[in-house]
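S.K.: please work out how this folds:
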Amino acid sequence: MSVRFALARAGRALFVVWAAFTCVFMLLRLLPGDPVALMLSGRNGFEAVPPEEVARVTAELGFDRPLPVQYLGSLLDALRGDFGVSIQTGRPVREMILAALPPTLQIGIAGLLLALLGGAALGVAANLVRSPALGQLLRSLPAMSISVPSFWLGLVLIQIFALHWRLFPSLGGSGVAGAVLPAITLAVPGAAMVAQVLATSLHDTLTEAHADTARATGAGPIRIVLTRGLRNAAISSLTVAGLLVGGMIGGAVVVETVFSRPGMGRITQAAVGAQDLPVVQGVVVVASVAFVLVNLAVDLLYPVLDPRIRSTGVLVAS
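M.R.: Residues are numbered from 1 along each chain as shown. Prediction:
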């Protein structure tokens, strides 16, 4: 892997973060309504707020400056890790994000591991079972799982495992027990993606000429899958793993709302509802940085897993 290839991927990652920041900045400014007036009316029992008070707070937050000046100021502050102060709570946005990250990372990492392990197990099992009917059933499960809405799955898990069997906390649980059901809810769509890609890749591998040659030498299906199939499926599975991070970030908003858990999803929901521009911008930047870092690592691992991928990042036929 050349330095040029790594720099190109890093440059693309920086561009994605900048584009995400710019898009959310412009979209939030185009929303109807005045976030400062909304905040002040909420604090005042939703009664009318004097225009002078709205103008004073608007000037304090810098929202009365020209749009290009606001953009450049916000961009420079974001580069220093300073996302300003929440309009809704008055707390520094960085402090709010740092407090919300641990609960989200807890269910996000657990959900990602469950998705990878569960999806890999299902994908391998679909190609190892001897019954064609059972194999077809296992291969159809991922498509069915992807179509299940996360909020519905979360409510079903709460009903069965929390309210009926009382094995886990239903809402707002902390610790390991409180993270089990949210992590499973996050993991199911991701596991379906991994299983679908892996099962297809393994099926293609088992029908290739080198697999027939291995069978002729006495190798069984398990040995072929473990020695050849998984290696050939590594590239496609790695791509899916990178995409899963984006799904986990988006899914956290729904899952944390369903399970009434603190975290990035909850503060995002509250910030969007209140048009809390600094918080929304800070969350988007942090989420985009996490997404591009994972996908940058995936890009840099491609040449390591497959030497045919040269500095251009293109698969070179051998």
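S.K.: neighbours around the residue nearest to residue 247 when sequence neighbours are not counted, how many?
M.R.: Closest residue to residue 247 apart from its sequence neighbours, by Cβ to Cβ, 6 or more residues apart in numbering: residue 190 at 5.9 Å. Where C-beta positions appear, they are placed from N, C-alpha and C, glycine not excepted. For residue 190, the count of nearby residues is 27 (other Cβ atoms under 10 Å).
S.K.: which other helices and strands contact the helix or strand harbouring residue 190?
M.R.: Using DSSP states H and E, residue 190 sits within helix 175-206. Counting contacts by 3 or more Cβ pairs under 8 Å, 6 or more residues apart in numbering; DSSP states H and E, helix 175-206 is packed against helix 93-128, helix 132-146, helix 150-157, helix 221-224, helix 230-232, helix 234-258.
S.K.: so which of those helices gets nearest residue 178?
M.R.: helix 93-128 (9.0 Å; Cβ to Cβ).
S.K.: pLDDT of stretch 19-28, averaged?
M.R.: Mean pLDDT, stretch 19-28: 91.
S.K.: can you pull the buried residues of that stretch?
M.R.: Neighbour counts using 16 or more other Cβ atoms under 10 Å place 20, 21, 24, 25, 28 of stretch 19-28 among the buried residues.
S.K.: touching, the last one and residue 281? I think so.
M.R.: Yes - the criterion here is Cβ atoms under 8 Å, and residue 28 meets it with residue 281 at 7.1 Å.
S.K.: start to end distance for stretch 207-221?
M.R.: 11 Å (Cα to Cα, to the nearest Å).
S.K.: how about stretch 37-49?
M.R.: First-to-last residue span, stretch 37-49, Cα to Cα: 7 Å.
S.K.: nearest spatial neighbour of residue 126, chain-adjacent residues omitted?
M.R.: Here the residue nearest residue 126, using Cβ to Cβ, 6+ apart, is residue 138, at 3.8 Å.
S.K.: so that neighbour versus residue 122, what's the distance?
M.R.: Applying Cβ to Cβ, to the nearest Å, the value for residue 138 to residue 122 is 6 Å.
S.K.: spit out the residues that contact these two alike.
M.R.: Shared contacts of residue 138 and residue 122, defined by Cβ atoms under 8 Å, 6 or more residues apart in numbering, are found at residue 199.
S.K.: picking that back up, tabulate the buried residues of stretch 19-28 (TSV), appending secondary structure and distance to residue 107.
M.R.: What follows is the buried residues of stretch 19-28, written out as TSV (DSSP: H, G, I helix; E, B strand; the rest coil; distance: Cβ to Cβ, whole Å):
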residue	secondary structure	distance to residue 107
20	helix	23
21	helix	26
24	helix	24
25	helix	29
28	helix	27
